[in-house]
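In: Sequence isn't available, so here's the structure alone:
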C-alpha cells in the first residue's frame, strides 16, 4: 500500500528562546457589505520560532493576507497585538520594518525602472543593503538586470519580488502566496529558493498558501486557518497523524451497492457515496491492506465491478476537511 | 538624504522613460503657445502700452502650462502609484514620507525646468518677447513649479484613483486659469474680488513673469510677489506633508 513520505524538515522547537514573531489575540473587523461587521481575523494567537518555516494554510478569504499585513505593519489591528523580534508592529513600526523582508501577494514595482535600479532604490531605504548584482545572481536573474519587471515571465517576476524582499538582509521573510498562478515547474523552482532562504541563509520564513502540497513540502509547522481562526497548528506529520491514519479507498461500481456491506469490510471506519451519478464510493479505512482484498472478494461474490480503484494516504487536505468540515478547494 | 537622492534619481529616470507622458507634457504647452501666436488681436492690456496681446499673454501661458503639468501631473502620478499598489510595496519599508515627497517633487521640478526652457525658446521664436533676463524668469518659474507640484502631491495624498486626481486637480486649475490675471487683468475684475484674486497662487507668478518679460523688472522690484510665492511654497509643502498618507494606517 502507499506509504506516506514526509519530506518536511525536522522542526526546530525554539520556544525556549524568544520567538521571531508573536501574535496575541489578533482581531480585525471590517464592515460587512450587507450591513454590520465581520471579523476577517477572529482572535488569532500563535508564535513563530526563530529559524523555522511556518506555513499558514487556508482557502481564499480565510484571513491569511490580513494577518500577515498586520504583522508587517501595513494595517492596524482592531484589537490584539503583533510583534517581530520583540518589536511591536505599530509602536515600533519603523524599527521593525528594517528587520523584515516582505513579498506581497498583490503589489507592483515602478514600471520604468530596471530590476537593478529597483533593487538599488529599495536598498537605499534601509541602513544597510545587499548589492543588486548579488541579489539578482542568487535567483538567476543577473542576465535580466536591465530588464523591466513587465518584461519578465510569471516565475521570473515572483523570483524577483522574493529577492527584492531580501534587499536589506532581513532575519525574517514574509511571503504571501508566493506561487499562486505559476506553472508546476516554476512552482518547484520557487520551493527550492524558499528552502535555500531558510537552510542556507538561515532566515525565518512565514508563508501563506492555499496549496496543501506547498505547505507540506516547505514548512516545519503548519497553521491551518479558516474563517479568521487557527483551526490546527502542528508539524505536518503531527497534523496528519491526528487523523488516526485514515486512508481513503475510492472506486466506482457499475451499480449501486445496497445495504451496509461496505461498512462491514475490515478496518473500514466510514463509507461515503459520491453523488456523481456513477456509483462511486469512498471508504475511510485505517488499514487499506485489509480492506482492499476484502472489497474485491465482496465484488466477485456480489457481482459488482471495482473500477478506478485508488488508495490515498491522508494529506493535509484531509486534515483540513476533518478540522473545518470543508474542502480546501472551495 | 541617501533615500531622497536615490528617489530623485530614480524618479527622473522614470519621467524620462515614460515617453508618451513626457512628449505630451512638452507638446501641450508648445501647441498652446503656437495657437495664440496665430491670432493678431488688439486688446486693452491694463496699462502696458506698446505691447501687443500675444506679448501680454505669453508669460501667463507659460505659467498656466507649468501649473497644469505640475499639479495635474504630480497628482495623477502619485494616484497611479496608489492604484497600482506601488505605494503599498513602499509602506513595508522604512522609507519616510518626507523623503518620498522630496525625491518626487525634486525630480518633477527638474523636468519642469526643462519644459520651461522649451516653451521660452518656442515662444520667443514665434514673436513673443520675454525680455533679456531669462535666468530670472527661470528662477520664478521654478519657484512656481514648486508650489503646484506640492499642491498636486497634497491632492494625491487623499484621492484613491487617477480619475479622482485628474478631477480634483482640474477643479482647482480651471478657476485659477481665469481669475489670476492671465487673459484678462485683475484690475478689470469687480473691486471686492481683486484682493482675493491677488492671493491666488498663480497670480504673483503671472505678475512677476510679466513684469520681468515686458518691463525688465529685477529681483528687487518683485518684493511683494516673491513674498506671496514664498508663502505659497511653504503652504504647499506643508499641505503635502500633512495630507499625504502612504496607506490607510
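Out: On my side now, so go ahead. Bear in mind the structure is a predicted one, so any value in this text is a computation, not a measurement.
In: which ones are touching residue A:239?
Out: A:222, A:224, A:232, A:316, A:319 (Cβ atoms under 8 Å, 6 or more residues apart in numbering or on different chains). C-beta: built from backbone N, CA, C; applies to glycine.
In: what mean pLDDT would you report for stretch A:143-152?
Out: Regarding stretch A:143-152, the rounded mean pLDDT is 95.
In: Which residues does it contact?
Out: A:108-109, A:111-116, A:118, A:132-133, A:136, A:141, A:156-157, A:160.
In: out of these, which are buried?
Out: A:108-109, A:112-116, A:118, A:132, A:136, A:141, A:156-157, A:160 (16 or more other Cβ atoms under 10 Å in any protein chain shown).
In: What residues does chain A have near chain B?
Out: With Cβ under 8 Å from any Cβ of the partner chain as the criterion, chain A meets chain B at residues A:72-76, A:94, A:97-98, A:100, A:102, A:104, A:106-113, A:117, A:120-122, A:124-126.
In: Ramachandran coordinates for the residue in the stretch 101-250 of chain A that chain B sits nearest to?
Out: Nearest residue of the stretch 101-250 of chain A to chain B (Cβ to the nearest Cβ) works out as residue A:124 at 3.7 Å. With angles defined as degrees, to the nearest 10, residue A:124 sits at phi -70, psi -10.
In: for residue A:87, same thing?
Out: phi -100, psi 120.
In: returning to that earlier point: could you dump the contacts of residue A:239 into CSV with pLDDT and secondary structure added?
Out: Formatted as CSV, these follow (pLDDT from 0 to 100; DSSP: H, G, I helix; E, B strand; the rest coil):
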residue, pLDDT, secondary structure
A:222, 96, strand
A:224, 94, strand
A:232, 92, strand
A:316, 86, helix
A:319, 86, helix
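In: list the contacts for the residue of the stretch 101-250 of chain A closest to chain B?
Out: Contacts of residue A:124 (Cβ under 8 Å, 6+ apart): B:2-3, B:5-7.
In: Chain neighbours aside, what residue packs nearest to whatever residue of chain B ends up closest to chain A?
Out: At 3.7 Å from chain A, residue B:6 is the closest residue in chain B, using Cβ to the nearest Cβ. Nearest non-adjacent residue to residue B:6, counting by Cβ to Cβ, 6 or more residues apart in numbering or on different chains: residue A:124, 3.7 Å away.
In: Could you look up the next helix or strand downstream of the helix or strand of chain B with the lowest mean pLDDT?
Out: Ranked by mean pLDDT, DSSP states H and E, the helix or strand of chain B with the weakest confidence is helix B:19-38, at a mean of 73. Going down the chain from helix B:19-38, the next helix or strand is helix B:53-83, by DSSP states H and E.
In: Look at the residue nearest to residue A:262 when sequence neighbours are not counted and report its pLDDT.
Out: In space, and not counting its chain neighbours, residue A:262 is closest to residue A:271: 4.7 Å by Cβ to Cβ, 6+ apart. In this model, residue A:271 is scored at 83, pLDDT.
In: now do the one 10 residues further on
Out: pLDDT, residue A:281: 86.
In: what sits against the residue of chain B closest to chain A?
Out: Neighbours of residue B:6 in contact, by Cβ under 8 Å, 6+ apart: A:120-121, A:124, B:103.
In: likewise residue A:278?
Out: Residue A:278 neighbours (Cβ under 8 Å, 6+ apart): residue A:252.
In: Read off the pLDDT value for it.
Out: For residue A:278, the predicted pLDDT is 76.
In: contacts for stretch B:80-100?
Out: By Cβ under 8 Å, 6+ apart, stretch B:80-100 touches A:72-74, A:94, A:97-98, A:100, A:102, A:104, A:106-111, A:122, A:125-126, B:3-4, B:7, B:78, B:156, B:160-162, B:241, B:244-247, B:249.
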